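**Student:** please work out how this folds:
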Amino acid sequence: MGARLRGDAALVGNGLLLVACFAWTAYGLAAVPAHPVLGWLPLPVMTVLAASGCWRVTRVPTLDAPTRRFWLYLACACALLTVGVISNTVDALTGPEPSQVIGMRTLGCYLATVGVVLWALLRLPTWQRSRSDWVRFGLDACVILITTGVFVWHFSVRRLGDWESQTGSAVPVLVMALVAAVSMVTFVKVAFSGAGQLDRRALRMLGAAAATATGLGATTPFLLAYPHLSATLTSVAVATFGVHLAATVQSRAGADPVPRSPSRTISVLPYLAVAATDALLLLVVFRDPGETRLVASCVVSLTVLVALRQVVALRDNNRLLNTVDANLAQLRGYQEQLSHQATHDPLTGIANRALFERTVAGLVADRTPFHMALLDLDDFKMVNDRLGHGMGDLLITTVSQRLVDHVRPRDTVARLGGDEFVVLLPDAHPDTVTGLLTDLVTAVERPVDLGGHEVATHVSIGVTASHDDDRPEELLRRADVAMYAAKGSGGNGWTWYDPEMDRQADAELRLTAELHQAAARDELFLVYQPIVELPDGRPTGVEALLRWRHPRHGLVPPDVFIPLAERTGAIVEIGRWVLTEACRQAAAWQRGGGISRVSINMSARQLSQPGIVAEIAGIVERTGVDPTGLMIEVTETAVLAVDSAVDALRDLRALGLTVALDDFGTGNSSLSLLVNCPVDVLKVDKSFVSGVTSATAQAVIVDGLIDITNRLRIRAVAEGVETASQAVRLHAAGYRYAQGFHFARPMPAPLVDSWLADQRLTGSAAEMREISSSVLTGSTITS
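**Tutor:** The predicted structure follows:
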């Protein structure tokens, strides 16, 4: 704060000295002063104060190095100017009487001062100058030199003899006038252009001071009649005060990190110079015809220089226009690219959801009838998980291209996201739609080479027709409902939307909500179906099966509510309840010497839950069941759909549980699962067992599987045995274990105890079949 007050006091003092210089000059024009030295005393003080102000700016920490260096140069220039002013004072006052003499020593100091200032200006980090910029600057300098020269000639040089005889310093004054003019042009040019962190107000103050000082210096020829006065008294005072004021403004402004763009305001200067010289020419023609030739030559020279400058400006403008045209073309290209990216899928290049919605809105607005087909790839997640996302992207790209290749030119194919596509078919007859959908299904199911793997994918399609005043969201919803109906029908085909689907969907939603509360309301219960040893039917364990007794609908079939629980995620909570109840019952049987092994189904959704192994271990510990008496059944699809399935099954085996591969042959069967997956038991699906007594392909598969399992030391269990002939045939083929209605139907735990007691007494399962047939019927949990 103290430094700022001192700086303000110094600036005020400099201003008072400036007023004193002008007052002294005005007094000298009216009378001859008794002590001429008094007029020279303020100048050294002013230059020293200006130097200190510039030095203060160099100590501002927020300014960059080039800006501080510029003000350091100006401080040095003020110091040189101080020496020059003192030398000029000596030149003017050491003779017998005051004079306007400027000695060579003084001239050298002044030229050095101007040189330092010009160097400081040229070192400023302004905008990047092109060759044209330097040419324009040179032409401007030439214009100013010629203009200044002709005016100096007219008012001074032509009277050089008189001036030389009176002052003896005509040449130094002439040189100073020309150098001052060039310095003024440079200052003003930079002031209007801007440079780095230099405050623009400070720059313009410097330019204004330079221009004013140059103008005051040009009054020297008019002071020949006043030898005790000198133009230096006012020109140096103005220049010094301007530097001090600019330094003060800069120190208060600090750093300005936002550089301004170059300005072309100074471009009018050459034209003003021509106008001034033309006015001088007219003056000479009427008052002094002898100088007409010289002034006219200068006017012609100026005209040529301005014309050259105009040519350079036109070339620059043309180059700028070309650049603008190129930039506009590039911007149009970017705009088209952005527009394409905003309306097209980046992976496939086909329309995206935004363009699809815009197209649907246009068709609806125009009342154009159309059909909407929503497509979803079946088992796409398996491709992603097994082959990687790169192969999944390749499959998506291939499918999208096939869809585009098999629709009409006016149809629209769009990707909504993931593996979902939609096709808009305007003005298409239902028969045409059917034919197109047939072509699409056929095209999609052609095998695709994915990194050496031949993959045959399938697609489920939901189709709906537009109606008047349909909203795009409603159309998409109907197509989505139809698509899920197609998936529910086995996939790889299409289904037309039917309003009945909405009613079914509403009923399914209500059923889902009730299913979430079923366990808490004690509506769920378990039944158990024995697994027996062939040929005598001796029980070796049971499979726990889930049932739901709905308060209004009665028994809900497992193939209705279990897939529903899978889709909604309710299977996780329900599966936890099944595990707990089955383990509690298994522990009771183990304590009572009853059933030795209980098999429990686990879905893909359960198997994918983080911490599932720890959860099962906790249930085993809480219920006190021996884990060696538990068997976890999973399907092939569950193992393939869950990345961590194999690791989870290994961890379960490490706990002592047995692992069974259920419904083998019905899903995405692969014999490699028997090698890679930790399997102890293979359960052959009923679809193969049902044909075992005839010469069918199923019988061949059944025979082949028992040979494979024996060699791999995996126990095989035949599911769905319903007749004695099937049991005999399976035993003959080598099967030791079986399960099915032929032996016993699923029954509650108390009836299992009765059935087991009867088996021990009679050794036959036949008498118990009629007891269990009166109890609940159903099938096992599927996943």
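**Student:** for the helix or strand hosting Gly575, which outside residues touch it?
**Tutor:** According to DSSP states H and E, Gly575 maps onto helix 570-592. Helix 570-592 is touched from outside by 512, 515-516, 518-519, 524, 526, 528, 544, 546, 562, 564-565, 594-596, 598, 600-603, 605-606, 609, 615-616, 619-620, 622-626, 629-630, 749, 781, 783, with contacts defined as C-beta atoms under 8 Å, 6 or more residues apart in numbering. Placement of C-beta: from N, CA and C, glycine included.
**Student:** buried ones only from those residues, please, as a PyMOL command.
**Tutor:** A single PyMOL command selects the buried members of those (16 or more other C-beta atoms under 10 Å):
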select buried, resi 512+515+518+519+524+526+528+544+546+562+564+565+594+595+598+600+601+602+603+605+606+609+616+619+620+623+625+629+630+749+781+783
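**Student:** narrow the contacts of helix 570-592 to those in helices?
**Tutor:** 512, 515-516, 518, 562, 564-565, 605-606, 615-616, 619-620, 622-623, 749 (DSSP state H).
**Student:** what about the stretch 201-350 of the chain, any weak spots by pLDDT?
**Tutor:** 218, 221-222, 224, 254-269, 280-281, 283-293 (pLDDT under 70).
**Student:** show me where it has strands.
**Tutor:** Here the stretch 201-350 of the chain has no strands by DSSP state E, counting those that start in this stretch.
**Student:** and the helices in it?
**Tutor:** Assigned by DSSP state H, counting those that start in this stretch, the stretch 201-350 of the chain shows helices spanning 232-253, 269-287, 292-343.
**Student:** deepest of those helices, which one?
**Tutor:** Comparing those by mean neighbour count (mean count of other C-beta atoms under 10 Å), helix 232-253 comes out on top with a mean of 24.
**Student:** what is the least confident helix or strand in the protein?
**Tutor:** Least confident helix or strand of the chain, by mean pLDDT, DSSP states H and E, is helix 769-773 with a mean of 40.
**Student:** surely Asp427 is in contact with Arg367?
**Tutor:** No - under the criterion of C-beta atoms under 8 Å, Asp427 is not in contact with Arg367, lying 11.5 Å apart.
**Student:** out of these two, which sits in the busier spot?
**Tutor:** Asp427 (13 against 9; other C-beta atoms under 10 Å).
**Student:** list phi and psi for the more buried one.
**Tutor:** Reported as degrees, to the nearest 10, the phi and psi values for Asp427 are phi 50, psi 50.
**Student:** what's stretch 414-427 in contact with?
**Tutor:** Outside stretch 414-427, the residues that reach it (C-beta under 8 Å, 6+ apart) are 345, 347-348, 350-353, 355-356, 359-360, 363, 368-377, 380, 396, 399-400, 403, 407-408, 410-413, 432-433, 436, 440, 476, 479.
**Student:** flag every buried residue along that stretch.
**Tutor:** Ala414, Arg415, Leu416, Asp419, Glu420, Phe421, Val422, Val423, Leu424, Leu425, Pro426.
**Student:** out of those, which is nearest to Val455?
**Tutor:** Minimum separation from Val455 among the buried residues of stretch 414-427 (C-beta to C-beta) is found for Asp419, which lies at 13.0 Å.
**Student:** check the closest one and give its pLDDT.
**Tutor:** Note on Asp419: pLDDT of 91.
**Student:** can you check Leu395 too?
**Tutor:** The model's pLDDT for Leu395 equals 92.
**Student:** what is the burial count for it?
**Tutor:** 21.
**Student:** the one 5 residues further on too?
**Tutor:** In terms of burial, Ser400 registers 19 neighbours under the definition other C-beta under 10 Å.
**Student:** find me the pLDDT at it, would you?
**Tutor:** Taking Ser400 on its own, its pLDDT is 93.
**Student:** and it, how far is that from Asn492?
**Tutor:** 18 Å (C-beta to C-beta, to the nearest Å).
**Student:** again, but for Gly462
**Tutor:** From Gly462 to Asn492 the distance is 13 Å (C-beta to C-beta).
**Student:** more neighbours: the two, which one.
**Tutor:** For the pair Gly462 and Asn492, the greater number of neighbours falls to Gly462 (26 against 17), based on other C-beta under 10 Å.
**Student:** quick one, phi/psi of that one?
**Tutor:** Phi and psi for Gly462, reported as degrees, to the nearest 10, are phi -110, psi 130.
**Student:** now do the contacts for it.
**Tutor:** Counting by C-beta under 8 Å, 6+ apart, Gly462 has contacts 373-374, 478-486, 494-495, 497.
**Student:** who's it bridged to?
**Tutor:** Under DSSP bridges, the beta-bridge partners of Gly462 are Leu374, Thr495.
**Student:** and the pLDDT at it?
**Tutor:** Looking at Gly462, its pLDDT stands at 93.
**Student:** ok, it to Leu16 distance?
**Tutor:** Per C-beta to C-beta, Gly462 is found 93 Å from Leu16.
**Student:** what's the answer for Thr240, then?
**Tutor:** Distance from Thr240 to Leu16, by C-beta to C-beta: 13 Å.
**Student:** also Arg402?
**Tutor:** Counting by C-beta to C-beta - Arg402 and Leu16 are separated by 92 Å.
**Student:** looking at these two, which one has more neighbours?
**Tutor:** Each of Arg402 and Leu16 has its neighbours counted (other C-beta under 10 Å); Arg402 has more, 19 against 11.
**Student:** returning to that earlier point: for the contacts of Gly462, give me JSON lines that also has neighbour count, pLDDT and secondary structure.
**Tutor:** Supplementary listing: the contacts of Gly462 in JSON lines, determined by neighbours: other C-beta atoms under 10 Å; pLDDT from 0 to 100; DSSP: H, G, I helix; E, B strand; the rest coil:
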{"residue": "Ala373", "neighbour count": "25", "pLDDT": "94", "secondary structure": "strand"}
{"residue": "Leu374", "neighbour count": "27", "pLDDT": "95", "secondary structure": "strand"}
{"residue": "Arg478", "neighbour count": "25", "pLDDT": "92", "secondary structure": "helix"}
{"residue": "Ala479", "neighbour count": "24", "pLDDT": "93", "secondary structure": "helix"}
{"residue": "Asp480", "neighbour count": "20", "pLDDT": "91", "secondary structure": "helix"}
{"residue": "Val481", "neighbour count": "20", "pLDDT": "90", "secondary structure": "helix"}
{"residue": "Ala482", "neighbour count": "24", "pLDDT": "92", "secondary structure": "helix"}
{"residue": "Met483", "neighbour count": "26", "pLDDT": "91", "secondary structure": "helix"}
{"residue": "Tyr484", "neighbour count": "19", "pLDDT": "86", "secondary structure": "helix"}
{"residue": "Ala485", "neighbour count": "20", "pLDDT": "86", "secondary structure": "helix"}
{"residue": "Ala486", "neighbour count": "23", "pLDDT": "89", "secondary structure": "helix"}
{"residue": "Trp494", "neighbour count": "23", "pLDDT": "90", "secondary structure": "strand"}
{"residue": "Thr495", "neighbour count": "21", "pLDDT": "92", "secondary structure": "strand"}
{"residue": "Tyr497", "neighbour count": "22", "pLDDT": "91", "secondary structure": "coil"}
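**Student:** just the closest of those residues to Val692, please.
**Tutor:** Using C-beta to C-beta, Ala486 comes nearest to Val692 of the contacts of Gly462, at 32.9 Å.
**Student:** ok, now how distant is the closest one from Leu302?
**Tutor:** Distance from Ala486 to Leu302, by C-beta to C-beta: 88 Å.
**Student:** same check, this time on Ala699
**Tutor:** Per C-beta to C-beta, Ala699 is found 113 Å from Leu302.
**Student:** quick one: buried residues of stretch 428-443?
**Tutor:** In stretch 428-443, counting by 16+ other C-beta under 10 Å, buried: Ala428, Val433, Leu436, Leu437, Leu440, Val441.
**Student:** nice, that's everything, thank you.
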